[in-house]
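# no FASTA, just this:
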Ligand code: ZN
């Protein structure tokens, strides 16, 4: 919850405008999620930063576009960041994502050896970090990233809620 900056908040439709001048990693992830929604993808966005906080990769979900059920934002961003770095290991890098990663992406984050996973909305149904198999808590022989949940949670959740048409 370290760098949550409270701002006047307009759910969902305000996200793009609100974040356009905000270049923090979570803002960029929210923007990528917004763009994914515009393409008909589930609005999840992910960013990987290096130890100095520089952006290595930004991705939104591409499962529909790529006909690939595993083309989750996190996996795409991790792969792109690793390619950019020329190494399969992302030590001292952070994964920022608008939604709690699923078990596949949580496992991938551990395999890529990221330092921290920072996410927005919690996902009681599909999440694998704080819910379900709680991948990082399991006694696997994996690196366990530090986890920070709930960053700009309302904005991230609003994007998803709007996409799935559950607006009240
Ligand atoms: Zn995933």
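Looks like it came in fine. Since we're looking at a predicted model, the values are computed, not measured.
# For this structure, which segments count as helices?
Counting by DSSP state H, the chain has helices at residues 15-19, 25-38, 63-66, 73-85, 103-111, 153-163.
# neighbouring contacts of the fourth one?
Pointing back at helix 73-85 there. Helix 73-85 is contacted from outside by 29, 32-33, 36, 44-48, 50, 56-62, 88-90, 93, 95, 97-98, 101, 104-105, 108-109, 112, 114, using Cβ atoms under 8 Å, 6 or more residues apart in numbering. Yep, even glycine has a C-beta here, placed from its N, CA and C like the rest.
# Just the buried ones out of the residues you listed, please.
Buried by 16 or more other Cβ atoms under 10 Å: 29, 32-33, 36, 44-48, 50, 56-62, 90, 93, 95, 97-98, 101, 105, 108-109, 112, 114, out of those.
# ok, now which ones touch the most centrally placed residue in the chain?
Nearest to the geometric centre of the chain sits residue 97, at 1.3 Å (Cα atoms, centre = their mean). Contact partners of residue 97, counting by Cβ under 8 Å, 6+ apart, are 29, 44-47, 73-74, 77, 105, 117-120.
# Those residues also near the ion: which ones?
Among those, the residues within reach of the ion (Cβ under 5 Å from the ion) are residue 105.
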